[in-house]
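Q: Predicted model and sequence below, questions to follow.
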Amino acid sequence: MAKVRVQQEDFDIGAEFAALSAGRTDIGGLGCFVGTVRETAKGRKIVSMTLEHYPAMTERALARIAAEAESRWPLLGCTLIHRVGTLLPGDNIVLVLAASAHRQAALDAAGFLIDWLKTRAPFWKKERFADGDETWVEARAEDDAAAAKWWAGPPSRAAASTG
Amino acid sequence: MAKVRVQQEDFDIGAEFAALSAGRTDIGGLGCFVGTVRETAKGRKIVSMTLEHYPAMTERALARIAAEAESRWPLLGCTLIHRVGTLLPGDNIVLVLAASAHRQAALDAAGFLIDWLKTRAPFWKKERFADGDETWVEARAEDDAAAAKWWAGPPSRAAASTG
Amino acid sequence: MNQPAPTVTRSAGLTVLYFAWLRERTGTAEEVVAPPVEVATVGALIDWLIRRSPGHATAFASRDTVRCAVNQDFADPETPVRPGDEVAFFPPVTGG
Amino acid sequence: MNQPAPTVTRSAGLTVLYFAWLRERTGTAEEVVAPPVEVATVGALIDWLIRRSPGHATAFASRDTVRCAVNQDFADPETPVRPGDEVAFFPPVTGG
């Protein structure tokens, strides 16, 4: 059911919401996260970011992450789109979108999707700085911690609300 | 900084994302929730939902909720749009959108905004069923619990990640 | 006996608004009322309003499901009300 | 002495892919290699690859920052590798 896509071109956020909910009357809420390129990285100004990926593996990894979300929450659809290639500050990088009958499931699933995508999908970012220097972005312990928290099951805040 | 709006007409999700991030390069992530009209309420089929509000109070209440979010997370902008009037199954009801340098703040703020909006903004829903019966939607204890969880400060999952 | 009689009505009225099923049960969306000066809190105002009509009595029959705002701020039964205030009664909110 | 010499090469090669700084340090995006049969796990393959060039040695110098996938599934040093497999090496992922 999930839609996953890797592409160079930008995505149309409104069109993705519309595609997921078109003709449906069972959805009560859609949770979404869009990641964008920030101009500043560790206090330095970047001029561009290049995203590399492992083509044979990427869509499969995204589909698995989506399937895991669908097994954890009663989703009525989800969308993962990740861009590759060279992006500029302000550009969109990634969109995750999850639809459910109830808002907490939609929001929690969106949070899960981006946390797992950040640690389980084969993308690598290289930042190019104003002085011409280029460095590969290092993985962050916080991202691992954010992804790991989902191993304990839905967080307690999810248990507090079903709609 | 927040944009709040109450309107009868539908909103354009893509345009709201674009308006919030236009010309900016400091945003790293946008968290969003869109609530929609479900066709089924407590097992009964609804044909429409009418949203009433308290005009003199509504935008002020929304602005306060947004200001509270801005005091809790380092937001770079947020948008709250709520529709009023008669809506059909599948129609959009509400949009909340929060932008931040880091994803967890954006997602947590979006969750906070919808939880508080549900319990602190003066809107009332009336459902009209296929048999002509109309009933006011009752407030739900789960919504109060979802809103109350934010009193304890950001949940532990927010502490696990800063980006 | 030279002392003037105590003023028991106000010169300026209170505007009372009703929303959702409180509007339906009172049959009123808005009314301007002039309660006696003793009616100085939301709770006292409700006690006074329920005598206005059977609809008002029905609307306020289950007080723990009635919420209130005074001058567009959420209020409770102890919140003071004064001439010129806008007092709104409504059920727990259900937006979003 | 009549016994044939043990076969130390495979008939089908292993395809090895490198991404991000592993690609830059090895100077290689993809290579097909034919290690001896004793090279039966990811860990053994790394031990064998680092002898191919100084670039390979540099790429794998800090092994705890190297991740691996075998046939597009995440793998670890104990994961078996067989002729025909596609083995990819890369840094911890940083998408999103």
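A: It's in.

Q: And for the nearest residue to A:L95 once chain neighbours are set aside, the neighbour number?
A: Spatial nearest neighbour of A:L95, chain neighbours left out: A:I81 (4.6 Å); criterion: Cβ to Cβ, 6 or more residues apart in numbering or on different chains. For every residue, glycine as well, the C-beta is placed using N, CA and C. A:I81 is flanked by 22 other residues according to other Cβ atoms under 10 Å in any protein chain shown.

Q: name the helices or strands packed onto the particular helix or strand that has A:I81 in it?
A: If you go by DSSP states H and E, A:I81 is part of strand A:75-83. Packing contacts for strand A:75-83, counted by 3 or more Cβ pairs under 8 Å, 6 or more residues apart in numbering or on different chains; DSSP states H and E, involve strand A:3-7, helix A:13-21, strand A:44-53, helix A:55-72, strand A:92-100, helix A:103-120.

Q: Please see if the first one touches chain D.
A: What that stands for is strand A:3-7. No: when contact is scored as Cβ under 8 Å from any Cβ of the partner chain, no part of strand A:3-7 falls within range of chain D; the minimum is 9.8 Å.

Q: Next one: A:A110 from B:R24, what distance?
A: Distance, A:A110 to B:R24, by Cβ to Cβ, to the nearest Å: 21 Å.

Q: More neighbours: which of those two?
A: Neighbours per residue (other Cβ under 10 Å) separate A:A110 from B:R24, with A:A110 holding more: 29 against 15.

Q: so what's the residue in chain C positioned nearest to chain D up against?
A: Closest contact between chain C and chain D, by Cβ to the nearest Cβ, is at C:G96 (28.1 Å). With contacts defined as Cβ atoms under 8 Å, 6 or more residues apart in numbering or on different chains, C:G96 is in contact with A:R103, B:G35, B:H82, B:I93, B:V94, B:I114, B:L117, B:K118, B:A121, B:F123, B:D143.

Q: still on that earlier bit, okay, the helices and strands packed on strand A:75-83 in JSON lines with mean pLDDT next?
A: JSON lines is the format used below for the helices and strands packed on strand A:75-83 (pLDDT from 0 to 100):
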{"stretch": "strand A:3-7", "mean pLDDT": "98"}
{"stretch": "helix A:13-21", "mean pLDDT": "98"}
{"stretch": "strand A:44-53", "mean pLDDT": "96"}
{"stretch": "helix A:55-72", "mean pLDDT": "97"}
{"stretch": "strand A:92-100", "mean pLDDT": "98"}
{"stretch": "helix A:103-120", "mean pLDDT": "97"}
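
Q: Kindly report the residues of chain C close to chain D.
A: Within chain C, no position is near chain D by Cβ under 8 Å from any Cβ.

Q: where does the residue of chain C found nearest chain A land in three-state SS?
A: Of all residues in chain C, C:G96 sits closest to chain A, at 7.7 Å by Cβ to the nearest Cβ. Under DSSP: H, G, I helix; E, B strand; the rest coil, the three-state class of C:G96 is coil.

Q: And the closest residue in space to it that isn't next to it in sequence, how close does it get to B:K149?
A: Nearest-residue entry for C:G96: B:K118, 3.6 Å, with adjacent residues in sequence omitted and distances by Cβ to Cβ, 6+ apart. Using Cβ to Cβ, B:K118 is found at 13 Å from B:K149.

Q: With A:G29 instead?
A: Per Cβ to Cβ, A:G29 is found 17 Å from B:K149.

Q: Neighbour count: those two, which is higher?
A: A:G29 (25 against 18).

Q: what's the pLDDT at the more buried one?
A: Per-residue pLDDT puts A:G29 at 98.

Q: which ones are touching it?
A: Counting by Cβ under 8 Å, 6+ apart, A:G29 makes contact with A:A99, A:S100, A:A101, A:H102, A:R103, A:A105, A:A106, A:L107, B:F33, B:V34, B:G35, B:T36.

Q: got the contact list for the closest residue in space to the third one that isn't next to it in sequence?
A: On the basis of Cβ to Cβ, 6+ apart, the spatially nearest residue to A:A101 that is not a chain neighbour turns out to be A:G28, at 4.6 Å. By Cβ under 8 Å, 6+ apart, the contact list for A:G28 reads A:S100, A:A101, A:H102, A:R103, A:A106, A:G163, B:G35, B:T36, B:R38.

Q: swap in A:A69?
A: Residues in contact with A:A69 (Cβ under 8 Å, 6+ apart) are A:A2, A:L75, A:C78, A:A98, A:A109, A:F112, A:L113, A:W116.
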